[in-house]
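[1] Mind looking at a prediction? Sequence and model below.
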Amino acid sequence: EDKVVQSPLSLVVHEGDTVTLNCSYEVTNFRSLLWYKQEKKAPTFLFMLTSSGIEKKSGRLSSILDKKELFSILNITATQTGDSAVYLCAPRGSQGNLIFGKGTKLSVKP
Amino acid sequence: DAGVIQSPRHEVTEMGQEVTLRCKPISGHNSLFWYRQTMMRGLELLIYFNNNVPIDDSGMPEDRFSAKMPNASFSTLKIQPSEPRDSAVYFCASSLIKGKSTDTQYFGPGTRLTVL
């Protein structure tokens, strides 16, 4: 059975801190892994990772995939209150479907 | 581009009533996904279509749920009869899948369903 585990479940930090969010997975016929940010509404896309060891960056956010050890991390540097959200990890199976983790709830305090 | 369009945005209904949720995917996308999100269970994939054909409906909770995609620009998710435990936010997402290459999924704003 496909499985996605995100950790921690919840995280509270102060503005300016750096955070690392973890995602481990077991997916049949793995194709890629996506990260989403969800505030109060629908998830919004952050990254899609397909190759091991290649870091993707977008501003203060970056992510990397390890297909051998079956995990991915999402880093956020110099956090801001606007980074407060639930971050969802979703590996993709062979038929295109995404398998979502429960998410990490990040709260950034001023 | 208008993005994925869902309607209604909110629905409140009584137990036993039929509920129909609607989705218009992004034009040109060939895959459509229905998700349900609750606090307890997180985001769950219910069913997805590729070229209007249901590929995997293993996430559909039970026979009370049904989904259709009569054409490339419209899909419905129906619950009949509805129950209080169906209360959730239902998201529709679309993407373009070409062979082994897949684009990201773009989510609609969701329909918040409350069954009393």
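    Received it, and whenever you're ready, just let me know what you need.

[2] my read: B:E18 touches B:I79, true?
    Yes. The criterion here is C-beta atoms under 8 Å, and B:E18 meets it with B:I79 at 7.1 Å. C-beta coordinates here come from the backbone N, C-alpha and C atoms, glycine included.

[3] Pick out whichever of the two has more residues nearby.
    B:I79 (21 against 11; other C-beta atoms under 10 Å in any protein chain shown).

[4] Would you mind naming the residues that bridge with the more buried one?
    Beta-bridge partners for B:I79, by DSSP bridges, are B:V19, B:F65.

[5] Give me the distance between it and A:P8.
    34 Å (C-beta to C-beta, to the nearest Å).

[6] Over to A:L34?
    Counting by C-beta to C-beta - A:L34 and A:P8 are separated by 20 Å.

[7] Going by how many neighbours each has, rank those two and give me the top one.
    A:L34 (23 against 13).

[8] gap between the residue positioned nearest the centre of chain B and A:S63?
    Residue closest to the mean C-alpha point of chain B, counted by C-alpha atoms, centre = their mean, is B:W34 at 2.8 Å. According to C-beta to C-beta, B:W34 and A:S63 sit 27 Å apart.

[9] for B:P81, same thing?
    Taken as C-beta to C-beta, the span from B:P81 to A:S63 is 43 Å.

[10] okay, the two: which has more neighbours?
    A:S63 (24 against 13).

[11] just checking, B:S94 touches B:F33?
    Yes. At 7.2 Å, B:S94 and B:F33 qualify as touching, with contact defined as C-beta under 8 Å.

[12] Name the residues contacting each of the two.
    B:Q105 (C-beta atoms under 8 Å, 6 or more residues apart in numbering or on different chains).

[13] Direction included, what does the helix or strand harbouring A:F47 pair against?
    According to DSSP states H and E, A:F47 maps onto strand A:44-49. Using DSSP bridges, the strands paired with strand A:44-49 in its sheet are strand A:32-38 (antiparallel).

[14] what comes into contact with the partner strand?
    With C-beta under 8 Å, 6+ apart, strand A:32-38 has contacts from A:23, A:25, A:43-50, A:63, A:65, A:72, A:74, A:85-92, A:98, A:103, B:102, B:104-105.

[15] what pLDDT, on average, does that strand get?
    What strand A:32-38 shows for mean pLDDT is 91.

[16] now do stretch B:108-116
    95.

[17] measure it end to end?
    Start to finish, the residues bounding stretch B:108-116 are 24 Å apart (C-alpha to C-alpha, to the nearest Å).

[18] in chain B, which ranges drop under the pLDDT threshold?
    B:1, B:98-103 (pLDDT under 70).

[19] Around chain A, which positions in it sit nearby?
    B:31, B:33, B:35, B:42-45, B:48, B:50, B:55-56, B:91, B:95, B:97, B:100, B:102, B:104-110 (C-beta under 8 Å from any C-beta of the partner chain).
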